[in-house]
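Enquirer: sequence first, predicted model second:
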Amino acid sequence: TVLPYKLFDFDDMMEKMPSLSYPPSLATDQRVRSYIPLNVIHYHDAEQGHLLCENRTVSVVFCSLPPSTCSSFENAQRTLNLIQTIIRRFGGIMRQFIMDDKGTVFIAIWGCPPVSNFDDASRAAEASVAFRDALMNDVAGESYHLGIATGPCYCGTYGNARRCEYVVIGCAVNMSARLMGIGLKKAKTTKSSSIFCDFNTHELLSDKRFITRKCGVYNFKGIGEQEWYELENTVVKNDSLDSLRPMFGREKELKIMVSNFSRSLGITYNMYSGSGRSASNTSLLNDSQNSSSKPTSTTVMSERPPFIAYIEGALGFGKTHFVSHFLAAIRTTVPA
């Protein structure tokens, strides 16, 4: 008997699925909260648990650890603390720290909701280099193998209302595991640590901050033929503002911020040319200038007001990116 084919109705499934209910202790007991991913806690505290599941483009890092990592509880805890510190520094989340058929591995993710950054792939690559260097310094003589892959994945809960976990599922997860596996195979002959990445990650790292080497094309199990690259090192820049990405839709707010900052220093800031002059050398605009249809400059107050700016917005709205553009603007417009 052939059963009739029925299309999968995601909306119908979501309506029938019981909503996730968290125990009251999750909101109050820090001992419980410390075991919950930070992004899950964010949605819980905002009472937006129904928005937790999304399809996102994420960067996944798989890392293989040597057996000595978990030779004792103390060693495992020290290594876990080291990994979590690096993940938090680069804005990712810990997906898993587990011992299975691949040995001891951990998985870190960049780009999970509610936060995503334009440079998640770069953050994952920098964190991978930091993992390798920190772990090699912690346990000398061991090799560590990491795989980085970027692509769309399901990020959300897996299970039911009684028992579930936060997961990231997609081809990028499988690809990063395969890349890590290549490093493990090579370690049998080279005995050195390795960091491999896929084509998508390599393309997102094309900002001269990373040194990569094409390794060729490989037929990955369950994925097919793909280009893969080795991440050899990172190039440290003295000024992070050199790689600042464009900002859209906040030009007006940026002009107001720079103008008010200039006034607090006694400087006239030209709103259109972006130039700044000392207030002592600035003459008042004449009548013909004042009659112009376009405002050409701000007015300097006789008493300089203090510059205090309060920027408010939800997590992931771009507050840090806005402040970075503000710092770049005052660096180029306000005299030193």
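Expert: All right, it came through fine. Everything numeric in this text was worked out from a predicted model, so none of it was measured.
Enquirer: what's the closest non-adjacent residue to residue 95?
Expert: residue 107 (4.0 Å; C-beta to C-beta, 6 or more residues apart in numbering). Heads up, the C-betas are built off the backbone N, CA and C, glycines and all.
Enquirer: got it, and residue 122?
Expert: Excluding its sequence neighbours, the residue lying closest to residue 122 (C-beta to C-beta, 6+ apart) is residue 205, at 6.2 Å.
Enquirer: how about the one you found, what does it touch?
Expert: Each residue near residue 205 by C-beta atoms under 8 Å, 6 or more residues apart in numbering is listed here: 121-122, 125, 197, 212, 231.
Enquirer: again, only using 7 Å
Expert: 121-122, 125, 212 (C-beta atoms under 7 Å, 6 or more residues apart in numbering).
Enquirer: and it, how far from residue 59?
Expert: For residue 205, the distance to residue 59 equals 10 Å [C-beta to C-beta, to the nearest Å].
Enquirer: thinking again about what came up before, so where does the residue nearest to residue 95 fall, helix or strand?
Expert: strand 103-110 (DSSP states H and E).
Enquirer: can you give me the buried ones in that strand?
Expert: Buried residues in strand 103-110, counted by 16 or more other C-beta atoms under 10 Å: 104-110.
Enquirer: which one among those residues gets closest to residue 157?
Expert: If you rank the buried residues of strand 103-110 by distance to residue 157 using C-beta to C-beta, residue 109 comes first, at 14.7 Å.
Enquirer: next, count neighbours for residue 139.
Expert: 16 (other C-beta atoms under 10 Å).
Enquirer: what do you get for the one 4 residues further on?
Expert: A count of nearby residues for residue 143, using other C-beta under 10 Å, gives 18.
Enquirer: state the distance from residue 144 to residue 66.
Expert: In terms of C-beta to C-beta, residue 144 sits 7 Å off from residue 66.
Enquirer: report the contact partners of the residue nearest in space to the middle of the chain.
Expert: What sits nearest the mean C-alpha location of the chain, by C-alpha atoms, centre = their mean, is residue 120, with 4.0 Å. Counting by C-beta under 7 Å, 6+ apart, residue 120 makes contact with 58-59, 110-111.
Enquirer: most neighbours, which of those?
Expert: Of all the contacts of residue 120, the most densely surrounded is residue 59 (32 neighbours; neighbours counted as other C-beta under 10 Å).
Enquirer: got a list of what the nearest residue to it once chain neighbours are set aside touches?
Expert: Excluding its sequence neighbours, the residue lying closest to residue 59 (C-beta to C-beta, 6+ apart) is residue 124, at 3.9 Å. Residues near residue 124 by C-beta under 7 Å, 6+ apart: 59, 61, 92, 110, 148.
Enquirer: just the element for residue 124, please.
Expert: helix 120-138.
Enquirer: and residue 157, by the same measure?
Expert: When elements are assigned from DSSP H and E, residue 157 belongs to strand 145-159.
Enquirer: what of residue 99?
Expert: Going by DSSP H and E, residue 99 is in strand 93-100.
Enquirer: related to what we said a few turns ago, if I look at the residue nearest to residue 59, how far off is residue 104?
Expert: 20 Å.
Enquirer: quick one: low-confidence residue ranges for the protein.
Expert: 1-28, 102, 206-208, 234-243, 266-306, 315-316, 333-336 (pLDDT under 70).
Enquirer: what are the boundaries of the helices in it?
Expert: Secondary structure of the chain (DSSP state H): helices located at 10-16, 25-28, 30-33, 38-45, 73-89, 120-138, 171-190, 199-204, 251-264, 287-290, 319-333.
Enquirer: thought residue 96 was touching residue 106?
Expert: Yes. If you go by C-beta atoms under 7 Å, residue 96 and residue 106 touch, sitting 6.4 Å apart.
Enquirer: hang on, the earlier thing: looking at residue 144 and residue 66 now, which is surrounded by more residues?
Expert: The residue with more neighbours, out of residue 144 and residue 66, is residue 144; 24 against 17, by other C-beta under 10 Å.
Enquirer: can you tell me which residues contact the more buried one?
Expert: When contacts are counted by C-beta under 7 Å, 6+ apart, residue 144 touches 63-65, 131-132, 135-136, 193.
Enquirer: swap the cut-off to 10 Å and go again
Expert: Contacts for residue 144 (C-beta atoms under 10 Å, 6 or more residues apart in numbering) come out as 63-66, 69, 128, 131-136, 180, 183, 187, 192-195.
Enquirer: what do you get for residue 201?
Expert: By C-beta under 10 Å, 6+ apart, the contact set of residue 201 is 59-61, 120-122, 124-125, 128, 147-151, 172, 175-176, 179, 210, 212, 228-229, 231.
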